[in-house]
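Undergrad: Sharing a sequence plus its predicted fold:
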Amino acid sequence: MDIRVKICGLSEPEHVVAAAEAGAAYVGFVFFPKSPRNVEIDAARALALEVPVGVAKVALTVNADDAFLDELTRKVPLDMMQLHGGESPERVAAVRARYGLPVMKAVGIADESDLPAIDAYGAVADQLLIDAKPPRGADLPGGNGLAFDWRLVKRKYWPCPWMLAGGLTPENVAQAVQMTGARQVDVSSGVENAPGAKSAELIRAFVQAAQGDTAPVPVLK
Ligand SMILES: O=C(O)c1ccccc1N[C@@H]1O[C@H](COP(=O)(O)O)[C@@H](O)[C@H]1O
């Protein structure tokens, strides 16, 4: 199955290479100091220069201001911006216009009441990333290894491409794809041995599981 995979939170060249060689379509760099995956701009530039042509380089930021994004986009060759904070639809549109890069807006969901936000962002973003809503008081708005109830997005239609995220692992990604119909998946903590410590072996296993034949799974009622 042609599933596009994003490996997020990379901070070591060997893991960038592992992701690209495994067949990831996107690699993500996290610019959020509270995250164990945070990278400095200069380090991200060096990593980005290792990424082969054809693999999209995504910068993940959380409520970043223009000053930060100006420096980031000036120094790091990027293909996409992922806004993973509480950015409003207006802010998404403004970032898109200011930098001329495709913008993927992350939306955290926990139940049906969170779904209308997806429609609002779908009207302004180039892509949507549908993630689990973080627990109240969590330090991180994503990257928590938490899955949401995949039935919430089963057979849903949005006007732009979307990516499934949240608690995905090599063990559950095939089932997640089959249940939701997602054509793109994103992972961070599910390919780590410890917070922020990526594993080349798990990266390969994740891409293979996402793209391989899906095993039969229980039908959702
Ligand atoms: O990965 C992080 O540290 C992070 C920090 C702040 C916002 C988002 C973050 N990660 C994104 O969250 C999703 C889900 O992560 P996980 O697979 O459940 O660990 C991930 O795909 C990243 O895009």
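TA: Everything's here; your move.

Undergrad: okay, CA-based contacts and neighbour counts for the rest of this
TA: OK.

Undergrad: mean confidence score for the host helix or strand of Ala43?
TA: Assigned by DSSP states H and E, Ala43 belongs to helix 41-48. The average pLDDT within helix 41-48 is 98.

Undergrad: ok, now stretch 207-221?
TA: Mean per-residue pLDDT for stretch 207-221: 66.

Undergrad: same deal with stretch 129-149?
TA: 94.

Undergrad: buried stuff in it?
TA: Residues of stretch 129-149 classed as buried under the neighbour-count rule (16 or more other CA atoms under 10 Å) are 129-134, 140-148.

Undergrad: ok, which of the residues you listed also contact the ligand?
TA: Checking the buried residues of stretch 129-149 against the ligand by CA under 6 Å from any ligand atom, the ones in range are Leu140, Pro141, Gly142, Gly143, Asn144, Gly145, Leu146.

Undergrad: what's next to the helix or strand where Ala93 lies, contact-wise?
TA: If you go by DSSP H and E, Ala93 is part of helix 89-99. Applying CA atoms under 8 Å, 6 or more residues apart in numbering, the contact partners of helix 89-99 are Thr73, Leu83, Pro102, Val103, Lys105, Ala120, Tyr121, Val124, Ala125.

Undergrad: same thing but 7 Å
TA: Pro102, Val103, Ala120, Tyr121, Val124, Ala125 (CA atoms under 7 Å, 6 or more residues apart in numbering).

Undergrad: same deal with stretch 180-191?
TA: 3-9, 143-145, 150-151, 153-155, 162-165, 167-169, 195, 198-199, 202-203.

Undergrad: Now, these that are in helices?
TA: Mapping the contacts of stretch 180-191 onto helices (DSSP state H) picks out Leu202, Ile203.

Undergrad: Which of the contacts of stretch 180-191 are buried? Put it as a ChimeraX command.
TA: In ChimeraX syntax, the buried subset of the contacts of stretch 180-191 is picked out as below (16+ other CA under 10 Å):
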select :3,4,5,6,7,8,9,143,144,145,150,153,154,162,163,164,165,167,168,169,195,198,199,202,203
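
Undergrad: Next, give me the two most distant ones among the contacts of helix 89-99.
TA: The most widely separated members of the contacts of helix 89-99 are Pro102 and Ala120, with 16.7 Å between them, by CA to CA.

Undergrad: Between those two, which has more neighbouring residues?
TA: Pro102 (18 against 12; other CA atoms under 10 Å).

Undergrad: Excluding chain neighbours, give the residue nearest to that one in space.
TA: Met80 (5.0 Å; CA to CA, 6 or more residues apart in numbering).

Undergrad: Please tell me how far that neighbour sits from the ligand.
TA: 12 Å (CA to the nearest ligand atom, to the nearest Å).

Undergrad: If that residue is in a bridge, with which residues?
TA: Val58 (DSSP bridges).
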